[in-house]
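**Student:** coordinates only, sequence not included:
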């Protein structure tokens, strides 16, 4: 069930209706948990026991970590808990990837490892990060364990963020579960508008851009260099609107129920450095990587060289987290190197006097944007050879010839991107249109009708669902 | 004084109507505006005369005449120029390109002598239409010359489809055409709408109907294996040959007929051999001495030289779908070369 489907609207209306009828907090939480499991099981019911098991494992180990006074035993419980999570993730997500690579190495010897015939459970990476951060927070003393299994299960399974984040911080979300849920008009008013703008980004921008991006990436040899550049930039916009649209819908639906989920994006493409980009892009992931991986590796406390290495390692693993493919590893490595290079640059030249000059800022922005776009080629392409071919053709190293096609949809969409981005950002600062006025109602109906009229007839699933 | 609740309801209704009105104007000028349909006693279900906007593949704003043709020509118009009647399907009707850019218009403009070109292209048209309506077309348009556009689909499905307005059925050793007088629409949704079909004259309703059809389609469950594409029905070669031969014999009854064949090209493999239908049409034209303009080599050569496909548009996938402006120019060039030949001129 995806947020932009009729199924979800029926489901969500029922959830809101039942929640408003239930007055007891415990009953509300039980219902919300059942609804979240139903939401997850709607894709494939076989995934539900896995999520339950991971949640219960985290709860049980969290209790052990908290209840043990001895530091070494705490650490052992933590390591065991994380290892368990990574084994589950490894089996479902990476086993076949590593097997295929090992089999290639072993090919000469005639040996062969067997592949597993398994489905990748949707949202497994997000669930894994959620349970790891829960245990690490308890270990670090930043958070107490959940007071009961119900609360922890809800932290993991809370349906607005379940499939593609944002990754919730236990210390931020668990306290919200102690307050009775009240369906308030104000929250519905604001939440529904945030949700609607997420839908606009997804349906009117991301899905329409996909109509242009998909064929070009499917057969790049047929298109000329300019078209490839347009498709790569269009993909940068598409993935942003797809993912931030999903995040807005998650934030909006949670808001309707009175929950507060922090924002996940902050206009990333205005960044003037790669470091700034990662402060603005997929904020909950970059924060997670920084707090739970970068700091654990030593951060910047073990010298400069080690810091650069840590940055690289974190991004490399961040890339692998996105998917079991060398393309994602390479994408992560490129970002890791760029972060390290930017760090070295800043340490060498510092925030020099020229920093404020408009030209300097423009060049910094252009370099950052072009770099990010080029790395998206590796993220989007089906394999490394295709990525390399696209990049070569973009820079006319391969033949720049081919069909010229800059879709008019791109021209239609750019103003929409600006409006949605601007308005979406305002909404995240809790600015909403007053739906009691004619203007507000007109905007609401105009947007709803626009969604119906311009819905592409080949709507694609959210890109981040695969991770 | 009205209660606040009634005022709010009135405001909501006004806002919804205003939003709908704005979208109606926007969509009718940019996406789609259809004048609706009427049933003509001879021609079957045709467009009403009026303005037509088409923006989902290419773009055009044009007018439909009283016979449902995309043409300014009317049966009452008087002209002493030579008349060329163009028969065909949506490739000839060419709602994807603006007036003046169609091969029909370009032939008219580029002809060595003053001619009046009549575009009787019709979306969903097939040889069944051209054969069944021959006497009507001849009587009404009085052509000196007729160009009949064909493509592969004409003989594989279109002409034999009993759900169409006109279709061909086998009759003993030969074939016959049938006028399906109960025809209402080829679109299943339109068939269900019954008398509400008139609503589709609103651009907003027409666009929304497509979206609603999509929304109501069952979605594929996660992880489910994709449904295999339906297997192509095997072609009964002798039957196809007979059908093509019979069709061309019938079309030959038009005054000075020319066949225009528009192939569907696979631009990623231009050396792909022509399909059986194309080969059979070529053979049948040679046997019956009907001049044939096959666009395959012109399209291929042009693409090899310029990377400009003859099919597809900026707002759809290039190299797919109907002919674009470049394709129309190439067709006009080839047609003019043939129509100029002294042996086919009176």
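**Tutor:** Arrived safely, thanks for sending. Treat the numbers as computed from the prediction; the structure is a model and nothing was measured. Numbering: from 1, shown residues only, chains lettered A, B, ... in the order given.
**Student:** the strands in the stretch 201-346 of chain B, which residues?
**Tutor:** With DSSP state E, counting those that start in this stretch as the criterion, the stretch 201-346 of chain B has strands at B:257-261, B:292-294.
**Student:** residue B:19: which of these is closest?
**Tutor:** Residue B:19 sits nearest to strand B:257-261 of all the strands of the stretch 201-346 of chain B, at 45.6 Å, using C-beta to C-beta. Just so you know, the C-beta spots here come from the backbone N, C-alpha and C atoms, and that holds for glycine as well.
**Student:** against which helices or strands is the closest one packed?
**Tutor:** In terms of contacts (3 or more C-beta pairs under 8 Å, 6 or more residues apart in numbering or on different chains; DSSP states H and E), strand B:257-261 is packed against strand B:145-150, helix B:237-251, helix B:276-288, strand B:292-294, helix B:325-339.
**Student:** contacting residues around the fourth one?
**Tutor:** In other words, strand B:292-294. The contact list for strand B:292-294, computed with C-beta atoms under 8 Å, 6 or more residues apart in numbering or on different chains, reads B:258-261, B:263, B:278, B:281-282, B:285-286, B:331, B:334-335, B:338.
**Student:** thinking again about what came up before, of the strands of the stretch 201-346 of chain B, which is nearest residue A:443?
**Tutor:** Closest of those to residue A:443 is strand B:257-261, at 50.4 Å (criterion: C-beta to C-beta).
**Student:** that closest one pairs with which strands?
**Tutor:** strand B:145-150 (parallel), strand B:292-294 (parallel) (DSSP bridges).
**Student:** a markdown table for those strands, including mean neighbour count?
**Tutor:** Listed next are these as a markdown table, based on neighbours: other C-beta atoms under 10 Å in any protein chain shown:
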| stretch | mean neighbour count |
| --- | --- |
| strand B:145-150 | 26 |
| strand B:292-294 | 19 |
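**Student:** touching, residue A:401 and residue B:307? I think so.
**Tutor:** Yes - between residue A:401 and residue B:307 a contact is recorded at 5.8 Å, counting by C-beta atoms under 8 Å.
**Student:** joint contacts of these two?
**Tutor:** Residues touching both residue A:401 and residue B:307 (C-beta under 8 Å, 6+ apart): residue A:224.
**Student:** just to revisit the earlier point, ranking by neighbours, what's the top pick from the contacts of strand B:292-294?
**Tutor:** residue B:331 (28 neighbours; other C-beta atoms under 10 Å in any protein chain shown).
**Student:** that residue and residue B:88: what is the separation?
**Tutor:** 11 Å (C-beta to C-beta, to the nearest Å).
**Student:** okay, and the common contacts of the two?
**Tutor:** Both residue B:331 and residue B:88 are contacted by residue B:260, under the criterion C-beta under 8 Å, 6+ apart.
**Student:** who touches stretch B:139-146?
**Tutor:** Defining contact as C-beta under 8 Å, 6+ apart, one finds that stretch B:139-146 is touched by B:67, B:75, B:82-87, B:118, B:120, B:137, B:254-258, B:339, B:346.
**Student:** buried among those? Need that as a selection in PyMOL.
**Tutor:** Selecting only the buried members of the contacts of stretch B:139-146 in PyMOL, with burial defined as 16 or more other C-beta atoms under 10 Å in any protein chain shown, works like this:
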select buried, chain B and resi 67+82+83+84+85+86+87+118+120+137+254+256+257+258+339
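**Student:** just the ones of the contacts of stretch B:139-146 in helices?
**Tutor:** B:137, B:339 (DSSP state H).
**Student:** need the contact list for residue 327.
**Tutor:** Unless you meant another one, I'm taking chain A. Contacts for residue A:327 were tallied using C-beta under 8 Å, 6+ apart; they are A:378-379, A:381, A:383-384, A:387.
**Student:** not quite, go with chain B.
**Tutor:** By C-beta under 8 Å, 6+ apart, the residues touching residue B:327 are B:299, B:309-311.
**Student:** again with residue A:333
**Tutor:** With C-beta under 8 Å, 6+ apart, residue A:333 has these contacts: A:312, A:315-316, A:319.
**Student:** which one of those is nearest to residue A:114?
**Tutor:** residue A:319 (26.8 Å).
**Student:** count of neighbours near residue A:6?
**Tutor:** Residue A:6: 11 surrounding residues under other C-beta under 10 Å.
**Student:** run a quick neighbour tally on the nearest residue to it once chain neighbours are set aside.
**Tutor:** Nearest non-adjacent residue to residue A:6, counting by C-beta to C-beta, 6 or more residues apart in numbering or on different chains: residue B:215, 6.0 Å away. The burial count assigned to residue B:215 is 16, neighbours taken as other C-beta under 10 Å.
**Student:** quick one: low-confidence parts of the chain?
**Tutor:** With no chain named, the answer covers chain A. For chain A, the stretches flagged by pLDDT under 70 are A:351-356, A:407-413, A:416-417, A:419-431, A:457-467.
**Student:** you looked at the wrong chain, it should be chain B
**Tutor:** Flagging of chain B using pLDDT under 70 yields the residue ranges B:1, B:185-195, B:217-235, B:340-346.
**Student:** what about the helices in it?
**Tutor:** Taking DSSP H as the criterion, chain B carries its helices at B:4-30, B:90-93, B:103-110, B:127-132, B:134-141, B:152-156, B:188-193, B:203-215, B:237-251, B:276-288, B:296-306, B:325-339.
**Student:** how about the third one: buried residues?
**Tutor:** By 16+ other C-beta under 10 Å, the buried positions in helix B:103-110 come out as B:103-108, B:110.
**Student:** from the residues you listed, which two are the most distant?
**Tutor:** Greatest spacing in the buried residues of helix B:103-110, by C-beta to C-beta: B:104 and B:110 (11.2 Å).
**Student:** so how do I select the buried members of the contacts of residue A:327 in ChimeraX?
**Tutor:** This is how ChimeraX selects the buried members of the contacts of residue A:327, with burial counted by 16+ other C-beta under 10 Å:
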select /A:378,379,381,387
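**Student:** can you tell me which of the contacts of residue A:327 end up in helices?
**Tutor:** A:378-379, A:384, A:387.
**Student:** near chain B too, which of the residues you listed?
**Tutor:** Near chain B, taking C-beta under 8 Å from any C-beta of the partner chain as the test, no member of those is found.
**Student:** show me what from chain B comes close to chain A.
**Tutor:** Residues of chain B found near chain A (C-beta under 8 Å from any C-beta) are B:8, B:11-12, B:14-16, B:18-20, B:22-23, B:27, B:31, B:204, B:207-208, B:210-212, B:214-215, B:219, B:221-223, B:267-268, B:307-309, B:312, B:314-315, B:317-319.
**Student:** out of those residues, which end up buried?
**Tutor:** Burial by neighbour count, judged by 16+ other C-beta under 10 Å, picks out B:11-12, B:15-16, B:19-20, B:22-23, B:27, B:31, B:204, B:207-208, B:210-211, B:215, B:222, B:267, B:307-309, B:312, B:314-315, B:317-319 from the residues of chain B next to chain A.
**Student:** distance to residue A:289 for the helices and strands packed on strand B:257-261 - can I get that in a markdown table?
**Tutor:** Shown next, in a markdown table, are the helices and strands packed on strand B:257-261 (distance: least, C-beta to C-beta, whole Å):
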| stretch | distance to residue A:289 |
| --- | --- |
| strand B:145-150 | 61 |
| helix B:237-251 | 63 |
| helix B:276-288 | 58 |
| strand B:292-294 | 61 |
| helix B:325-339 | 50 |
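**Student:** contact residues of chain A facing chain B?
**Tutor:** A:5-6, A:43-44, A:119, A:122, A:211, A:215, A:219, A:222, A:224, A:401-409, A:436-438, A:441-442, A:444-446, A:449-450, A:452-453, A:455, A:457, A:459.
**Student:** contacts for whichever helix or strand residue A:27 is part of next, please.
**Tutor:** For residue A:27, the host element (DSSP states H and E) is helix A:25-41. Applying C-beta under 8 Å, 6+ apart, the contact partners of helix A:25-41 are A:1, A:11, A:15, A:18-19, A:22, A:47-48, A:51-52, A:122-123, A:150-151, A:153-154, A:157-159, A:162-163, A:177-181, A:257.
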